[in-house]
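Q: model the following, please.
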Amino acid sequence: MSDIAVKTENLSKSYKLYKNPIDRLKESLNPFRKKYHHDFFALKNISFEIKKGETIGIIGRNGSGKSTLLKIITKVLTPTEGNVITKGKISALLELGAGFNPELNGMENIYFNGAIMGYTKKEIDKKLDNITSFADIGEFIEQPVKTYSSGMFVRLAFAVATNVDPEILIIDEALSVGDMFFQAKCMAKMKKMIDKGITLIFVSHDTGAIKSICQRSILLDEGSIVDFDKSDKIVEKYFVMKVQNNQKTIQPQTKAALKSLNKETKHKIFSNSDQFTKRASYQRIQNGMANFVNIQLLDENENVIQHVEYEQNVILRMALQINNDMEKLAYGYHIRDKNGIDVVYSDSIIEDKNILNLKKGSKYIIDWRFKSSLIHGIYNVACVLSVPIDIASSKVDFVDFIPIATQFEAEPRKKSYLYGNVHWDNTINIQGISP
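A: Numbering: from 1, shown residues only. Below you'll find the model as predicted:
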């Protein structure tokens, strides 16, 4: 128990919901204690342990209970049932406004927020320069925080939360309102704190940030824990869960068509797909309208490869079958590193190469050709088919999504070391200037 930072035991939080406001009064005055409400559980039987120094992500759809859980851990809310045990000083950045008095100015709120966390004025005095320099809001530090923009507010709140030497840091989605420069600054600060051994609980809809920062993650849905595992696995499961909520199941006739596909086609990539089908089954999502039959990584001579040399010309070949008449179909790929973070992405919408007027039973082979410039490492290729709905808002209906379509190892660059994840071609112009 000495190495545990946070532990929850059968944690539940319920609220009484009434159909009409008058029902609350009826219930309180009823001599027979008749119930006029029904219980809504924001959290149900939540149990987990977080060790000291761990970085834990929490993800889930809106309304899944993420913020409620953090408020209970930070003792802003009390649970209906169960217990929470925390060991160490907690600093939390919850929803905008938590722990700040809107009538006080920024400087006063630094001391006010510090007092809530148990710091004396002298202790805050020592940390004040670090807080104000990180917040970087200039003369607005002397203005009431009710006049702040959301970006200014989160700057001050994050500066206070991270510069008071907490042992447990809790961040709840608040960074999404900051500008890109400040978000990068915050991420660098958190990583520095993680290196020093802080315990971090991080809630975000940015799954890339979750995979980058958090060792393990909790997936919440409807107030319950769906899974608690390594972050890349949880993010994939979260994505699959979101897609499944909007997808139809594969129709029986579509399954039959998939089984008989190898017998109907003469093309090699269509007939040699057993290994692909087995590999692609991991968390695959389909709606039956179309599907990948095979996906291969090839060299220039069209040999299947699993090792890619630096600057080697590569073909990513997709074979697909159309199971329903369709007006338009988009396709794309992600190249992901060992942590599941997207390094390269492209799709037919970006490339303006969507397939139009597709007929049931037709088959397509799509070749993506590119030159590898990846840093040495192991990579997964995820592939997707979708129907564009609203390109401006990136809204699509997923047709077939395969998180692990194929894998390969990018070999080291033989010349100087590549320090970034990927290299792109540059044009360099040098001009000598006479003194």
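Q: can I assume residue 232 sits in a helix?
A: Yes - assignment of residue 232 by DSSP: H, G, I helix; E, B strand; the rest coil places it within a helix.
Q: ok, now which ones touch it?
A: With contact taken as CB atoms under 8 Å, 6 or more residues apart in numbering, residue 232 is in contact with 211, 339, 340. (Glycine included, C-beta is placed from N, CA and C.)
Q: what helix or strand does the first one sit in?
A: Right, residue 211. helix 207-213 (DSSP states H and E).
Q: same deal with the second one?
A: In this structure, residue 339 sits in neither a helix nor a strand according to DSSP H and E.
Q: from residue 211, how far out is it?
A: 6 Å (CB to CB, to the nearest Å).
Q: again with the last one
A: Distance from residue 340 to residue 211, counting by CB to CB: 5 Å.
Q: which residues do those two both contact?
A: 231, 232, 235.
Q: got a pLDDT number for the closest residue to the last one other than its chain neighbours?
A: On the basis of CB to CB, 6 or more residues apart in numbering, the spatially nearest residue to residue 235 that is not a chain neighbour turns out to be residue 207, at 4.5 Å. On pLDDT, residue 207 comes in at 81.
Q: what's the burial count for residue 207?
A: Residue 207 has 21 neighbours, counted by other CB atoms under 10 Å.
Q: that one contacts residue 238, correct?
A: Yes - between residue 207 and residue 238 there is a contact at 6.9 Å, judged by CB atoms under 8 Å.
Q: what is in contact with the two at once?
A: Joint contacts of residue 207 and residue 238 (CB under 8 Å, 6+ apart) are residue 59.
Q: hey, where'd the helices end up in the stretch 151-300 of the chain?
A: 180-195, 207-213, 231-244, 252-259, 261-264, 268-271, 274-280 (DSSP state H, counting those that start in this stretch).
Q: got those as TSV, with distance to residue 349 columns?
A: Listed next are the helices of the stretch 151-300 of the chain as TSV, based on distance: least, CB to CB, whole Å:
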stretch	distance to residue 349
helix 180-195	23
helix 207-213	20
helix 231-244	18
helix 252-259	25
helix 261-264	27
helix 268-271	24
helix 274-280	22
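Q: domain map for the protein?
A: Per automatic domain parsing, the structural domains of the chain span 4-242, 249-410.
Q: any chance of the ones you listed in TSV, plus distance to residue 417?
A: Formatted as TSV, those follow (distance: least, CB to CB, whole Å):
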stretch	distance to residue 417
domain 4-242	22
domain 249-410	9
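Q: out of those, which gets the lowest mean score?
A: Sorting the domains of the chain by mean pLDDT places domain 249-410 lowest, at a mean of 84.
Q: residues touching residue 18, list them.
A: Neighbours of residue 18 in contact, by CB under 8 Å, 6+ apart: 24, 27, 36, 37.
Q: list only buried entries from those.
A: Listed as buried from the contacts of residue 18 are residue 36; burial here means 16 or more other CB atoms under 10 Å.
Q: buried ones in stretch 81-93?
A: Per 16+ other CB under 10 Å, stretch 81-93 contains these buried residues: 82, 84, 86, 87, 90, 91, 92, 93.
Q: ok so, going back, tabulate the shared contacts of residue 340 and residue 211 (CSV), appending distance to residue 413.
A: Shown next, in CSV, are these (distance: CB to CB, whole Å):
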residue, distance to residue 413
231, 28
232, 25
235, 29
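Q: tell me the one of those residues nearest residue 290?
A: residue 235 (25.2 Å; CB to CB).
Q: looking at the contacts of residue 18, spot the one nearest residue 137.
A: residue 24 (42.8 Å).
Q: what count of nearby residues applies to residue 210?
A: So residue 210, with other CB under 10 Å, has 25 neighbours.
Q: with residue 9 instead?
A: Residue 9: 15 neighbours (other CB under 10 Å).
Q: and for the one 10 residues further on?
A: Under the neighbour criterion other CB under 10 Å, residue 19 is assigned a count of 9.
Q: what sits against it?
A: By CB under 8 Å, 6+ apart, the neighbours of residue 19 are residue 36.
Q: same deal with residue 51?
A: Here residue 51 is in contact with 3, 4, 5, 199 (CB under 8 Å, 6+ apart).
Q: that one pairs with what?
A: residue 4 (DSSP bridges).
Q: circling back: tell me who's in contact with the residue nearest to residue 235.
A: Counted by CB under 8 Å, 6+ apart, residue 207 has contacts 59, 235, 238, 239.
Q: let me have those residues in JSON lines, adding neighbour count and distance to residue 371 as columns.
A: Formatted as JSON lines, these follow (neighbours: other CB atoms under 10 Å; distance: CB to CB, whole Å):
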{"residue": "59", "neighbour count": "27", "distance to residue 371": "35"}
{"residue": "235", "neighbour count": "22", "distance to residue 371": "29"}
{"residue": "238", "neighbour count": "24", "distance to residue 371": "33"}
{"residue": "239", "neighbour count": "18", "distance to residue 371": "29"}
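Q: a markdown table for the residues you listed, including distance to residue 139?
A: Output for those, formatted as a markdown table (distance: CB to CB, whole Å):
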| residue | distance to residue 139 |
| --- | --- |
| 59 | 38 |
| 235 | 41 |
| 238 | 42 |
| 239 | 44 |
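Q: which of those residues sits closest to residue 164?
A: Using CB to CB, those come closest to residue 164 at residue 59, 26.4 Å.
Q: any idea how far residue 317 is from the closest one?
A: In terms of CB to CB, residue 59 sits 33 Å off from residue 317.
Q: swap in residue 368?
A: From residue 368 to residue 317 the distance is 8 Å (CB to CB).
Q: again, but for residue 45
A: Taking CB to CB, one finds residue 45 at 48 Å from residue 317.
Q: what do you get for residue 197?
A: Relative to residue 317, and taking CB to CB, residue 197 is found at 47 Å.
Q: those two - which one has more neighbours?
A: Taking neighbours as other CB under 10 Å, residue 197 and residue 317 compare with residue 317 leading, 18 against 10.
Q: quick check: bridge partners of the more buried one?
A: With DSSP bridges as the rule, residue 317 is bridged to residue 296, residue 367.
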